[in-house]
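> Prediction below, plus the sequence it came from.
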Amino acid sequence: MTERYAAIDVGTNTVLLLVAERRGATLAPVLERAEITRLGRGVDAAGRLDPAALRDTVRVIAEYAAAARGLGARVLACVATSAARDAANGAEFFAAVREQAGLSAEIISGDEEARLVYASAVRDFGAGGPLAVLDVGGGSTEFIVGEGPAPRARTSLQVGAVRLTERHVTTDPIAPAEWRRLRAAAREALAPVAGLAARDGATLFGVAGTVTTLCAVSLALPVYEAGQVHGRVMTRAEVEALLERLAALPVAARAALPGMEPKRADVILAGGAIVAEAMDLAGFDRLTVSDRGVRWGLLYDRLPPV
């Protein structure tokens, strides 16, 4: 019988599900889902999870767990990242997940998040030499460099698409002066990335919803297709041009663009600013898009040996 496993990644903005089956030493996806619940809404200012966001997120986790069990998967792991790490009432979230989804969710540190993202990238792209991985989340951003299975350096920074938006965006469409301040704030927060820049010949990989959304909008995909996004190369000039286009639009118009997840339209500028500034600070002119991340690294990390 084919072995199936599941991982749920609960981020500040998005909850992701992967159900995969084992095929030798690799995993093949059976079901992947993503839903924006914005668990971290307001956490940066209030220090607590918003009750409505908590309820919505737990509901989605319960739905994911039921779907995974219905496919015969053993729900191997459910992990929560930045918002749950930072919230004073995180215990309420974990208790609700246990009660409604029958899962024991765990918090992973920013350092562990970075390690898992790197593990996923190495599985897909590691044979090509040294690599750097940029993971832009809602509440934090991870940057990792290395060659082979173990990264040589990594950092997790308290800057993400939701956090940066809540701190700096008040106008719609964004005013030019506010856009400049947003970019400057992203650059300041990402300063440690310059010290981790990979050596010559490294390839930069971008992970998570900001990067995949920028790619999908650039391609004007009417329906998101992982196969069209995963492995595509975006240049820094392409990212900058796309950001200037998005910055000129109000949120409602951004939400209507082909390739845009409507619930991400209000935070895409902040996420995109993080991408562009990280590329510049680390000295990369191009980025390869990865549709995979923590959930994939988690399964590969915790699967029993063949």
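That came through, no problem.
> From V117, how far off is the spatially most central residue of the chain?
Centroid check for the chain by C-alpha atoms, centre = their mean gives A208 as the closest residue, at 3.0 Å. Note on A208: its distance to V117, by C-beta to C-beta, to the nearest Å, is 8 Å. The C-beta positions use only the backbone N, C-alpha and C, and glycine is treated the same way.
> again with L157
Computed as C-beta to C-beta, the L157 to V117 distance reads 13 Å.
> One more: F93?
22 Å.
> who's more crowded, these two?
V117 (31 against 24; other C-beta atoms under 10 Å).
> Secondary structure class of E112, three-state.
Assigned with DSSP: H, G, I helix; E, B strand; the rest coil, E112 falls in the helix class.
> Now name the helix or strand holding R69.
Using DSSP states H and E, R69 maps to helix 51-70.
> What residues of the very next helix or strand once past that helix count as buried?
Next in sequence after helix 51-70, counting helices and strands by DSSP H and E, comes strand 74-80. Neighbour-count burial for strand 74-80, counted by 16 or more other C-beta atoms under 10 Å, picks out 75-80.
> want to throw these into CSV with pLDDT and distance to V275?
Listed next are the buried residues of strand 74-80 as CSV, based on pLDDT from 0 to 100; distance: C-beta to C-beta, whole Å:
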residue, pLDDT, distance to V275
V75, 74, 32
L76, 78, 30
A77, 90, 27
C78, 94, 27
V79, 94, 23
A80, 93, 23
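> Turn the residues you listed into CSV, columns for distance to L303.
Below are those laid out as CSV (distance: C-beta to C-beta, whole Å):
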residue, distance to L303
V75, 13
L76, 8
A77, 10
C78, 16
V79, 15
A80, 21
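> of those, closest to F284?
Nearest to F284, judged by C-beta to C-beta, of those is V79 at 28.0 Å.
> how many other residues sit next to the closest residue to the closest one other than its chain neighbours?
Using C-beta to C-beta, 6 or more residues apart in numbering and skipping the chain neighbours, the partner closest in space to V79 is I108 (4.8 Å). By the criterion of other C-beta under 10 Å, I108 has 21 neighbours.
> which neighbours do L157 and V117 share?
Common neighbours of L157 and V117 are listed as E142 (criterion: C-beta atoms under 8 Å, 6 or more residues apart in numbering).
> Now do the same contact list for P151.
Counted by C-beta under 8 Å, 6+ apart, P151 has contacts 114-115, 118, 144-145.
> Kindly indicate the member of those with the most neighbours.
Of these, with other C-beta under 10 Å as the count, I144 tops at 29 neighbours.
> Need phi/psi at that residue.
I144 adopts backbone torsions of phi -130, psi 140, taken as degrees, to the nearest 10.
> So it versus D172, what's the distance?
Going from I144 to D172 by C-beta to C-beta gives 34 Å.
> swap in E244?
16 Å.
> for P29, same thing?
With the distance defined as C-beta to C-beta, P29 ends up 37 Å from D172.
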